[in-house]
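Novice: Structure for the following, please:
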Amino acid sequence: MKCVIEGNGIKVFGKAVHALSRIGDEIWLDPLEKGLAVRTVNSSQSAYACFCFTPLFFQQYVPDPDIQKDCEAVKCKLNIKCVLPLFRCASWRERSVDKCEISINFPNSRVIFQFHCRHGITKTYNLGYQECEALQAVFPAHLCPNVLMAQSKLLGDIVVHFPVSQEEVTLSISCFKVTLKTFCEEENNCIKGMNTELMLHPDEFDYFEVGEDSAVTFCLKELRGLLSFAESYGLPVSCQFGVAGQPVSFTVKDMTLEAHVVLSTLTDPNHESTSQPAPGDDCPVNIPKTSTAEVSTCEGPMETEVYVADGEQVASSQGSEVFNPNLHMRKMIQLQTPGKILPKPRLAPESALTTPVTPATFKIRSLLFGAVYTDVVDSKTADLPSLACASDTEEDGGTEE
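Specialist: Predicted structure coming up:
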């Protein structure tokens with residue numbers, strides 16, 4: 001592979017390398033038939049950037065011969081700290097360097113940068129590379145419901161209001177406005193620090209499409225490099241994103257190059273589904289924390305003790321009236337001995353409703369206790385089916401005084 005850059009293209013390529021250095025410590029050189037792709041990813045793999053230079057960007061571009069033979073080309077990985085100093089003084093090199101030649105020497109595993117300066121001076125840098133797999137972010141940006149496009153100067157004026165130490169920002173969009181504000185993980189930090197919030201009208205964007213109201217939180221530090229690159233050449237920046245937890249993509253396009261930055265976003269804990277499956281034979285059963293049944297799991301026979309206090313009201317799972325076990329037992333005894341007024345039965349905590357349980361029946365008993373004997377009556381208990389009814393014998397009930 002061999003490509004030659006002249007004039008202002010050297011400065012553009014240097015700024016692209018500088019933007020990539022804001023994200024990752026290594027760059028991938030991928031010579032394609034459609035151009036040279038320079039990619040990077042951060043250490044946590046939460047940010048990805050790619051600059052693809054078309055053949056029109058170069059004065060001369062000769063791709064790898066293996067590409068023309070439908071063979072897989074070699075991917076080169078370089079340390080960005082070795083490449084960045086070569087293009088750091090881009091403005092000085094633009095005046096003193098006529099052209100820059102980049103070639104890959106596959107037998108020696110070297111990437112060669114040659115700067116042809118004035119007065120016949122040539123500076124050559126041989127950098128060793130590591131052969132690796134292709135780096136590509138799989139993200140269908142065209143399927144995102146929300147699309148924004150604005151001039152880079154507008155976005156640059158917005159970002160300048162946030163301090164350099166600010167890591168995450170939240171981008172909110174609706175049909176009426178776009179909000180960019182400081183993200184605080186804890187409320188105490190929001191009170192102590194400085195909070196910035198900017199609101200924009202849809203008319204300030206070149207393109208505004210809202211398919212779903214959402215708010216995404218991403219890292220601002222890894223985006224500053226692309227915004228600085230776009231602002232230097234007056235290129236518009238487009239943004240595609242969906243709901244929280246899905247990546248957000250920023251794109252800069254031109255006739256000679258195309259840049260993409262894909263950032264991960266924080267998930268919204270309030271967006272998680274709270275629905276629970278109905279209990280059955282093939283699904284686990286969880287005992288509510290408000291249940292008065294204390295169950296210890298161990299090998300061999302187990303005992304489960306449940307004490308129903310005097311006058312406690314337990315919700316019925318069939319939507320009927322509130323079930324009072326003492327009152328129900330009293331009515332049953334009055335039916336067996338008519339004409340006698342019996343005192344109100346009481347349950348002994350040490351002997352009432354104490355039944356040995358085997359591991360085979362532990363699941364059903366646990367469901368029964370979690371569905372019936374609860375301290376707090378809530379809406380979840382009404383959805384559980386009734387697995388047992390009150391016994392009409394004195395063995396499972398209280399003792400007669």
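Novice: can you pull out the strands in the stretch 101-250 of the chain?
Specialist: Assignment of strands within the stretch 101-250 of the chain using DSSP state E, counting those that start in this stretch yields the ranges 110-117, 122-128, 130-132, 146-150, 168-173, 178-182, 197-200, 207-209, 214-219, 237-241, 248-253.
Novice: Out of these, point me to the one whose mean pLDDT is lowest.
Specialist: Comparing mean pLDDT across those, the weakest is strand 130-132, with a mean of 82.
Novice: want to throw the strands of the stretch 101-250 of the chain into JSON lines with mean neighbour count and distance to L36?
Specialist: To be clear about C-beta, it is placed using only N, CA and C from the backbone, and glycine gets the same treatment. Listed next are the strands of the stretch 101-250 of the chain as JSON lines, based on neighbours: other CB atoms under 10 Å; distance: least, CB to CB, whole Å:
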{"stretch": "strand 110-117", "mean neighbour count": "16", "distance to L36": "12"}
{"stretch": "strand 122-128", "mean neighbour count": "12", "distance to L36": "15"}
{"stretch": "strand 130-132", "mean neighbour count": "11", "distance to L36": "16"}
{"stretch": "strand 146-150", "mean neighbour count": "19", "distance to L36": "26"}
{"stretch": "strand 168-173", "mean neighbour count": "20", "distance to L36": "31"}
{"stretch": "strand 178-182", "mean neighbour count": "19", "distance to L36": "33"}
{"stretch": "strand 197-200", "mean neighbour count": "14", "distance to L36": "36"}
{"stretch": "strand 207-209", "mean neighbour count": "15", "distance to L36": "29"}
{"stretch": "strand 214-219", "mean neighbour count": "22", "distance to L36": "27"}
{"stretch": "strand 237-241", "mean neighbour count": "23", "distance to L36": "22"}
{"stretch": "strand 248-253", "mean neighbour count": "20", "distance to L36": "16"}
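Novice: and of these, who's closest to V261?
Specialist: Distances from V261 to each of the strands of the stretch 101-250 of the chain were compared using CB to CB; the minimum, 4.6 Å, belongs to strand 248-253.
Novice: So what are the sheet partners of that closest one and their directions?
Specialist: strand 237-241 (antiparallel), strand 257-263 (antiparallel) (DSSP bridges).
Novice: Throw these into TSV and include distance to T40, thanks.
Specialist: Conversion of the strands paired with strand 248-253 to TSV gives the following (distance: least, CB to CB, whole Å):
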stretch	distance to T40
strand 237-241	19
strand 257-263	10
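Novice: Restrict the helix or strand containing V12 to CA atoms and write it as CSV.
Specialist: According to DSSP states H and E, V12 maps onto helix 8-21. Output of helix 8-21 as CSV, limited to C-alpha atoms (Å, rounded to 0.1, in the frame of the first residue of the first chain):
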residue,chain,number,x,y,z
ASN,A,8,-3.3,21.1,3.1
GLY,A,9,-4.0,17.4,3.2
ILE,A,10,-1.1,16.9,5.5
LYS,A,11,-2.6,19.3,8.0
VAL,A,12,-6.0,17.5,7.7
PHE,A,13,-4.5,14.1,8.2
GLY,A,14,-2.6,15.4,11.3
LYS,A,15,-5.8,16.8,12.9
ALA,A,16,-7.5,13.5,12.3
VAL,A,17,-4.7,11.7,14.1
HIS,A,18,-5.0,14.2,16.9
ALA,A,19,-8.8,13.6,17.2
LEU,A,20,-8.2,9.9,17.4
SER,A,21,-5.7,10.4,20.2
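Novice: Thanks again, I'm all set now.
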